[in-house]
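>>> Make a model of this:
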Amino acid sequence: MVRTSGCAKAVVVAMCAAATLINALSVQAAAGWQPSRPVAFIVGSAPSGSLDLTARVLQRIWDEKRTVGSPVIVVNKPGAGNGIAWSYLNDRGADGHAIAIGTTNLVSNPVMGAHSIGYRDVTPLALLFDDYFILLVRADSPIKGMADVRQRLAQDPAALAIGFGPGLGSGSHTAAAVAVKAMGVDASKGRWVPYRSAGDAIAAMLGGDIDIVSGTAANAPPFIAAGRVRAIGIIAPQRLWGSLATVPTIKEQGVNAEFTNWRGVIGPRGMQQEHVAFWTKALQEATASDQWQKDMERNFWKSNFLTGAALGKFLDREAEVFRGIWAEIGKKK
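This next block holds a predicted model:
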């Protein structure tokens, strides 16, 4: 039997500890980079809006599945058509611990002059889904449908105040402007009122400050069910489902226009490839989950997942589309 001294035992323990650490580091290296501290998930609208909802759905899935390995904290930075949020994102640095919701403002802001940051000034990670818009009025509004809107605006393009969030050039603004233009009305002379979120716009309408809200479909059902608002039209290629199945599209009402919004996730400018790979995988896993699919149906979202080169080509095409839209509407800067 071989006896070991206390010193020898200490050496053995130290060697085992070192081996354990090396093995742990090797496993981590094999698995690739992952966040080592809380992650900021930045949203360019106030809480309660559709952008905020998107981030919180992903946050919940990641937390429940322990995908990220560190807490994901939603940070709301409304203003300037998501521009404030994206400036904050870039200021956080490109170490992988900050991501943000990306919207159509990535291609419309530079065209509108709303903010200088566009899709080339950040790192697009993934396109998630298409989102559609609904036009809402107060329950006691004399406006019953798109024919009433057309009649009022034909007499005076500024006759109705139309609110939206989270800013000029947002999808909700563009969708409503496209609809107004399709009525033969000069959209550049309209009364467009931006708010921090669709929820804020609905509150303003209920208070009598504006006449119509253009918002994402997901925001509407609770207000409709409460009897506080009415839907007068969906700006979409076809009718939606569920509780909104009875709402006609604006095309059905003689307004030959449609607009598809989209939602994605971006990283800061100069994000390293290992960070891009981690977040792309985390988004792929989240959007493949049953929970995500249920939220897609509940929120009237239509899957449109793109990454990499396909996403880059998509954004280039969208930039051209928006330049054409705003040149025609008369808001191009």
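>>> Name whatever forms a beta bridge with residue 192.
residue 162 (DSSP bridges).
>>> Next up, the contacts around it.
162, 164, 168, 173, 176, 177 (CB atoms under 8 Å, 6 or more residues apart in numbering). Backbone N, C-alpha and C define where each C-beta goes, glycine included.
>>> Quick check: closest non-adjacent residue to the third one.
Pointing back at residue 168 there. residue 114 (5.0 Å; CB to CB, 6 or more residues apart in numbering).
>>> That neighbour - how many residues pack around it?
Using other CB atoms under 10 Å, residue 114 has 22 other residues around it.
>>> and the gap between it and residue 304?
24 Å (CB to CB, to the nearest Å).
>>> what does residue 139 give?
33 Å.
>>> And for residue 112?
Taking CB to CB, one finds residue 112 at 23 Å from residue 304.
>>> Quick check: which element contains residue 223?
helix 220-225 (DSSP states H and E).
>>> Just list what that helix packs against, helices and strands only.
Packing partners of helix 220-225 (3 or more CB pairs under 8 Å, 6 or more residues apart in numbering; DSSP states H and E): strand 133-138, strand 229-235.
>>> What are the buried residues along that helix?
Along helix 220-225, these residues count as buried under the neighbour rule (16 or more other CB atoms under 10 Å): 220, 221, 223, 224.
>>> Reformat the residues you listed as JSON lines; add pLDDT and distance to residue 86.
Converted to JSON lines, the buried residues of helix 220-225 look like this (pLDDT from 0 to 100; distance: CB to CB, whole Å):
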{"residue": "220", "pLDDT": "93", "distance to residue 86": "27"}
{"residue": "221", "pLDDT": "94", "distance to residue 86": "30"}
{"residue": "223", "pLDDT": "94", "distance to residue 86": "29"}
{"residue": "224", "pLDDT": "96", "distance to residue 86": "32"}
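>>> Widest-spaced pair of these?
Using CB to CB, the buried residues of helix 220-225 reach their maximum pairwise distance at 221 and 223, which is 7.4 Å.
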